[in-house]
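Student: Sequence plus predicted model, see below.
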Amino acid sequence: MRRYVAAIDQGTTSSRCMVFDRQGRVVGVAQREHEQIFPRPGWVEHDPETIWRNTAFVLGEVLRTTDLGADDIAAVGVTNQRETTVVWERATGKPIYNAIVWQDTRTDRLVTELGGEYGATRYQDRTGLPLSTYFAGPKLRWILDHVDGAVERAEAGELCFGTMDSWVLWNLTGEHITDVTNASRTMLMDLRTLRWDPEICAEFGVPQAMLPEIRSSSEVYAEITAGPLAGTPVAGILGDQQAATFGQACLAPGEAKNTYGTGNFMLLNTGSTPVLSKHGLLTTVCYRLGTEPAVYALEGSIAVTGSLVQWLRDNLGIISTAAEIEPLARSVEDNGGAYIVPAFSGLFAPRWRPDARGVIAGLTRFVNKGHLARAVLESTAFQTREVVDAMRADAESEHLDLELTTLKVDGGMVGNDLLMQFQSDILDVPVVRPVVNETTALGAAYAAGLAVGFWPSTDDIRANWAADKTWRPTMSAEDRDHQLTEWNKAVERTYNWAS
């Protein structure tokens, strides 16, 4: 009897496989980290072959530790770090270059060239995205420009492009496919037709022969061809933030979630009509179930949140494990006047300042490592407040019925009570963590399970969601306004740093 659904979660720092039961509870998990490669300042790469080996390992490992086999798994879903770009040979499956990670900024000049006289908004009405180093299309163009013979081989159909979902699916099934959520992060797909835009592809210099087929987020794509799950259908694909939105049961317009991971990503369900932001947010596909109409979202993408904790650990050595940051931050009453703006790769939503670089502002002799630890955590909450303000402004201008009364949260950082309390304080709304915090993998599992009838409808997703802990605001309005004013002063000092 097929009692479970599995989800492969190919993330920025690790690859995981998780198994869920019908109630959406975690039955088993296996995880393996991969190396972050920094060839030059602003460049971030991954080895795709290592990622695939790790993915295959965790898939087998979770089955071994749970004593499950193919007969127990109804379907497999895939979720992934979005925008990270890989190109491989169709004949051999060998990558022609390392995967260029979503955080990478090497395409800054290329992005300016692509904008031309129109600037960053040149393609925004069609793609929902401003021209930015963040997205996959410019990264793909960079690979074509810098690997000998790549353009000619791509035009001849010898090369495949994909975000990491396509790379994982190719290795699992031999099929070259992506879903609408990942395709919407390339800058190459028309938001309304849900197809590759021939004009944009031509202007980017991307041969369409190398692009994967765009499919829905929930359907049977193909069966796994080898390994312990051979014959099991892969039936769901969602970019990681869309998967978390789905897993959080944000299925109606006006419902929002915020994921605290390597970066922070807040998505607001806007229904079946794409809403173009006027306040620095992205318009993206939220999900599409089979042949149903696509559902869209407004997204606020923050580049550096959890990775700032890693920086404090790995680059400064102030902590030796991520878990140490909360007790260190609690050793002081406040941030001591210090603010950290982690614009390591520029600023993402809602400011979109690629010229920005990180600063620590407000330093005095009074400030110690406890204050810096607190400032690291608080920077995540401040950046989230900026995105919420932008969402409110967009909702007001589009006459959407949105008043954020509660924020659903998930991701690795939501176990930090100090951060969650400060987030509630700075937003002035309750913050709610679900019982199952692994909503990214859960969302991919839901998409796959719906496709094969494991869950009959999205009503099951709503029924499975349950709150675990709620934080309520305690900060005075005066204190909140003061902190936001100081934060904005610090952010403004990051501008015009990189030429």
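Tutor: Arrived safely, thanks for sending.

Student: Chain neighbours aside, what residue packs nearest to residue 119?
Tutor: residue 131 (7.7 Å; CB to CB, 6 or more residues apart in numbering). To be clear about C-beta, it is placed using only N, CA and C from the backbone, and glycine gets the same treatment.

Student: What's the separation between that neighbour and residue 371?
Tutor: Residue 131 is 38 Å from residue 371, where distance means CB to CB, to the nearest Å.

Student: Now do the contacts for the residue nearest to residue 119.
Tutor: Contacts for residue 131 (CB atoms under 8 Å, 6 or more residues apart in numbering) come out as 111, 112, 114, 115, 119, 120, 121, 122, 123, 138, 187.

Student: Over to residue 21?
Tutor: By CB under 8 Å, 6+ apart, the contact set of residue 21 is 3, 4, 27.

Student: hmm, back to that, could you look up the SS state of the residue nearest to residue 119?
Tutor: coil (DSSP: H, G, I helix; E, B strand; the rest coil).

Student: Do a quick rundown of the helices in the stretch 251-400 of the chain.
Tutor: 306-314, 325-330, 369-397 (DSSP state H, counting those that start in this stretch).

Student: And the residue nearest to residue 119, its phi and psi?
Tutor: Main-chain dihedrals, residue 131, degrees, to the nearest 10: phi -60, psi 120.

Student: And for residue 148?
Tutor: Per degrees, to the nearest 10, the backbone of residue 148 is at phi -50, psi 130.

Student: circling back: would you mind measuring from the residue nearest to residue 119 to residue 460?
Tutor: Residue 131 is 40 Å from residue 460, by CB to CB.

Student: likewise residue 328?
Tutor: 42 Å.

Student: which of these two has more neighbours?
Tutor: For residue 328 and residue 460, the more surrounded residue by other CB atoms under 10 Å is residue 328, and the numbers stand at 20 against 17.

Student: Residue 231 against residue 71, yeah?
Tutor: No: using CB atoms under 8 Å as the test, residue 231 is too far from residue 71 to be in contact (9.6 Å).

Student: And the pLDDT for residue 403?
Tutor: At residue 403, the model reports a pLDDT of 67.

Student: just the one 4 residues further on next, same as before
Tutor: Residue-level confidence at residue 407 comes out at 88, pLDDT.

Student: give me every residue that touches it.
Tutor: Contacts of residue 407 by CB under 8 Å, 6+ apart are 256, 257, 258, 388, 423, 424, 427, 429, 430, 431, 432.

Student: Roughly how far does the last one sit from residue 471?
Tutor: Using CB to CB, one obtains 8 Å as the distance from residue 432 to residue 471.

Student: The fifth one now?
Tutor: For residue 423, the distance to residue 471 under the criterion CB to CB works out to 7 Å.

Student: Pick out whichever of these two has more residues nearby.
Tutor: When residue 423 and residue 471 are compared for neighbours, residue 423 comes out ahead with 27 against 21, by other CB under 10 Å.

Student: ok, the more buried one touching residue 413?
Tutor: No: the pair residue 423 / residue 413 is not scored as a contact, 9.5 Å apart, by CB under 8 Å.

Student: what is residue 76 paired to in the beta sheet?
Tutor: Going by DSSP bridges, residue 76 is paired in beta bridges with residue 6, residue 234.

Student: make that residue 10, sorry
Tutor: With DSSP bridges as the criterion, residue 10 is bridged to residue 15, residue 80.

Student: residues in contact with it?
Tutor: By CB under 8 Å, 6+ apart, the neighbours of residue 10 are 51, 55, 78, 79, 80, 81, 164, 165, 168.

Student: ok, the fifth one touching residue 168?
Tutor: Yes: under the criterion of CB under 8 Å, residue 80 makes contact with residue 168 at 6.8 Å.

Student: quick one, which of the two is more surrounded?
Tutor: Neighbours per residue (other CB under 10 Å) separate residue 80 from residue 168, with residue 80 holding more: 32 against 26.

Student: if I look at the more buried one, how far off is residue 298?
Tutor: On the measure of CB to CB, residue 80 and residue 298 end up 21 Å apart.

Student: Which parts of the stretch 51-200 of the chain are strands?
Tutor: In the stretch 51-200 of the chain, the strands defined using DSSP state E, counting those that start in this stretch lie at 73-80, 85-89, 99-100, 159-163, 177-179, 189-190, 195-196.
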